[in-house]
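Asker: No sequence on hand, only this structure:
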């Protein structure tokens, strides 16, 4: 009888272990058979999977909807370029999406005109880690967030480079956050423009954030050449501002904000 009980226990454990192994995160390489595009890989991916993107240029406008998956460059020394083709944001994350976006060049995204949101990445109620990417030539003219737009989200934006992104007559050429809790650290912002708007690099509205250890150079805006904060609070320290003779005074504009 004891032998019978032990055999059933062992059999149950084997079944559980097999089930757990089937739930292990997978690595999906793009391109590969059946996955010629990044979006195809996203659609097939399960929770926790990592999509590894081979060097090349991918003209896509991606959507991650309610998944926790990672997008990573296969070889950080060779460019994996996500090109929005000026047809929309390069990447939209929504409905609780999370995971890491790492090592990509994100370019030519377009937020779509008046009040458009997010040229490079648009993030809605999601919590991604955006790490070691290059954002260049993304646009949110008359809109919000040339490089990255966040709404009701908690992104970690770490060690990225933002070059020549625009939000003319808008806000936040590099990053715009609304009712969010972003951590923005160790990034470089160069020649981003919101000449008739606010926040040449970063703009926060009704948000609580951390803006620490970033470098800013030659960004332009009507108010806040580097940072524009409206009805926001948080912590801002150890940033390097390179605009003007009195860099901090010209670079940071506080509108009913506490920092």
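Answerer: Arrived safely, thanks for sending. Note that the coordinates shown come from a computational prediction; the quantities given were computed from them, not determined experimentally.
Asker: By average pLDDT, which secondary structure element in this protein comes out worst?
Answerer: helix 2-22 (a mean of 44; mean pLDDT, DSSP states H and E).
Asker: what's the next secondary structure element after that one?
Answerer: Toward the C-terminal end, the helix or strand that comes next after helix 2-22 (DSSP states H and E) is strand 27-30.
Asker: what's the helix or strand just after that next one packed up against?
Answerer: Downstream of strand 27-30, the first helix or strand assigned by DSSP H and E is helix 38-44. When contacts are defined as 3 or more Cβ pairs under 8 Å, 6 or more residues apart in numbering; DSSP states H and E, helix 38-44 sits against strand 27-30, strand 50-53, strand 62-65. C-beta coordinates here come from the backbone N, C-alpha and C atoms, glycine included.
Asker: mind running it again at 10 Å?
Answerer: With contacts defined as 3 or more Cβ pairs under 10 Å, 6 or more residues apart in numbering; DSSP states H and E, the packing partners of helix 38-44 are strand 27-30, strand 50-53, strand 62-65, strand 70-73.
Asker: for those strands, which one ends up most surrounded?
Answerer: Comparing the helices and strands packed on helix 38-44 by mean neighbour count (mean count of other Cβ atoms under 10 Å), strand 70-73 comes out on top with a mean of 22.
Asker: ok, residues contacting it?
Answerer: 25, 27-28, 30, 38, 41-42, 45, 48-55, 62, 64, 79-82, 91, 98-105, 128-133 (Cβ atoms under 10 Å, 6 or more residues apart in numbering).
Asker: re the thing from before, among the helices and strands packed on helix 38-44, which comes closest to residue 212?
Answerer: strand 70-73 (24.4 Å; Cβ to Cβ).
Asker: Would you give the sheet partners of that closest one, along with the direction of each?
Answerer: strand 50-53 (parallel), strand 98-102 (parallel) (DSSP bridges).
Asker: quick one: it to chain centroid distance?
Answerer: Here the centre of strand 70-73 is set off from its chain's centre by 12 Å, with Cα atoms, centre = their mean, to the nearest Å.
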